[in-house]
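In: heads up, no residue letters with this:
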């Protein structure tokens, strides 16, 4: 009889770990879009996106530095140079998609736009199957769950689109623009996950990937703001007039990074076909922030509220069907074939790469240098400086619900972070 070692008896599976990471990502990604409501006080979508990405850039360097140190990140990137361009491309796609979401929120509201762009699960599912052999070898039950989940997401997107079509002709025109912007973001974000999966099949640590990722997103959103936002003088003038709310946009970017890091680990351990739909439970939290904090659905009639609620519920069901469809042994074999293909293509060690893929810390060692603490201090100083100059925006918000949802954020961070640390040490 084989005895299971004590230290392994209570270890959660990688599928369970990926599910925890995906759900935690949903909580944080849902909260991160709330600051974009500031578009209602006159900021342009380009200025909002630029400020959020600046906050993202600050946070992206902070968390990897705290967890692993810059020496680890530099060594990991140096050993997989071919992935740097993929990370930059993913960052560029994210920046354009994020800008589109601001237009969508402006035209149809957070509670409606949020579920629409979560159709990116379909795009991720398609690319995962075509490029990375996800679902290959899966049994009929697993395949049916995934397909039904994908269909449910499409139906939910249609319901939510219909729920925003009310009011006069001018409003309907803006609603169409908002829906198109949300679906455009969905397409770009769904494609953005291709570099994610490619990176993790090559054994790159998510913390290293996001460090290069942020360079691509900051460069792209800056280019968008300068070319489409009226030029450098217009952008600088708008930011100068809006110094009192810049902290909230930076904070939104910071919160988004936390959610994205958990989403990265979900994509690593579940694949993009399953991990992304699970993290798309952020639509529930986006609806909570939009409806409970900002009162977005207060002025709509009962029919449209029911459509929004039905669309949200159906989308949750679709994401759940996909997320519970655990990979079979045959599907893991197909994944390993895809991993072997990447190793052969780029001359990587297969066993080392497989160990990294399965949560074993087989990469460079973690070591923090004096400058790592300087990076963290500099990032914290930026937020302290902006916080000292900020004020609460002149718009309706329910502070009781803000407190409740913030407490949920903190609890999910602690639970998700501990699960990742105990099982994989964030590898």
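Out: Noted; the coordinates are in hand. For clarity, every value in this text was computed on a predicted model and none was experimentally measured. Numbering: from 1, shown residues only.
In: Leaving out chain neighbours, which residue sits closest to residue 424?
Out: residue 359 (4.0 Å; Cβ to Cβ, 6 or more residues apart in numbering). Where C-beta positions appear, they are placed from N, C-alpha and C, glycine not excepted.
In: Looks like that neighbour contacts residue 423 (just checking).
Out: Yes - Residue 359 lies in contact with residue 423 (Cβ atoms under 8 Å); the separation is 6.2 Å.
In: who touches both of those two?
Out: Here residue 359 and residue 423 share the contacting residues 14, 17, scored by Cβ atoms under 8 Å, 6 or more residues apart in numbering.
In: Please report how far residue 351 lies from residue 340.
Out: 11 Å (Cβ to Cβ, to the nearest Å).
In: Out of those two, name the residue with the larger neighbour count.
Out: Each of residue 351 and residue 340 has its neighbours counted (other Cβ atoms under 10 Å); residue 340 has more, 15 against 9.
In: Work out for me the element that one sits within.
Out: Using DSSP states H and E, residue 340 sits in helix 329-346.
In: Spell out, range by range, the helices that occur in the stretch 151-300 of the chain.
Out: For the stretch 151-300 of the chain, the helices defined by DSSP state H, counting those that start in this stretch occupy 169-201, 206-228, 231-241, 246-270, 272-279, 282-288.
In: okay, the angle between the first one and helix 246-270?
Out: Yep, that's helix 169-201 we're talking about. If you take axes from the mean of the first three to the mean of the last three Cα atoms, to 10 degrees, helix 169-201 sits at 50 degrees to helix 246-270.
In: which parts of helix 169-201 are buried?
Out: 174-175, 178-179, 181-201 (16 or more other Cβ atoms under 10 Å).
In: What is that helix packed up against?
Out: helix 84-108, helix 110-117, helix 120-132, helix 206-228, helix 246-270, helix 272-279, helix 329-346, helix 350-357 (3 or more Cβ pairs under 8 Å, 6 or more residues apart in numbering; DSSP states H and E).
In: Confidence-wise, which of these is weakest overall?
Out: Of all those, the minimum mean pLDDT falls on helix 110-117 (a mean of 69).
In: Would you format the helices of the stretch 151-300 of the chain as TSV with distance to residue 80 included?
Out: Shown next, in TSV, are the helices of the stretch 151-300 of the chain (distance: least, Cβ to Cβ, whole Å):
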stretch	distance to residue 80
helix 169-201	8
helix 206-228	8
helix 231-241	35
helix 246-270	14
helix 272-279	19
helix 282-288	29
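In: Of all those helices, which one comes closest to residue 373?
Out: helix 206-228 (17.0 Å; Cβ to Cβ).
In: what about residue 147, which helix or strand?
Out: With DSSP H and E as the test, residue 147 turns up in helix 140-163.
In: got the contact list for the nearest residue to residue 249 once chain neighbours are set aside?
Out: In space, and not counting its chain neighbours, residue 249 is closest to residue 51: 3.6 Å by Cβ to Cβ, 6+ apart. Residues counted as contacts of residue 51 (Cβ under 8 Å, 6+ apart) are 239, 246, 249-250, 253.
In: measure residue 144 to residue 151 for me?
Out: Following Cβ to Cβ, the distance that separates residue 144 from residue 151 is 10 Å.
In: chain center to the helix holding residue 340: distance?
Out: 25 Å (Cα atoms, centre = their mean, to the nearest Å).
In: other SSEs contacting it?
Out: By 3+ Cβ pairs under 8 Å, 6+ apart, helix 329-346 packs against helix 169-201, helix 350-357.
In: Now do the longest one against helix 272-279, angle only.
Out: With the same axes, to 10 degrees as the basis, helix 169-201 and helix 272-279 are set at 130 degrees to each other.
In: Mind checking the pLDDT average for helix 169-201?
Out: 80.
In: Determine the number of other residues adjacent to residue 385.
Out: Residue 385 has 12 nearby residues by other Cβ under 10 Å.
In: Same question for the one 3 residues further on.
Out: Residue 388 has 8 neighbouring residues, counting by other Cβ under 10 Å.
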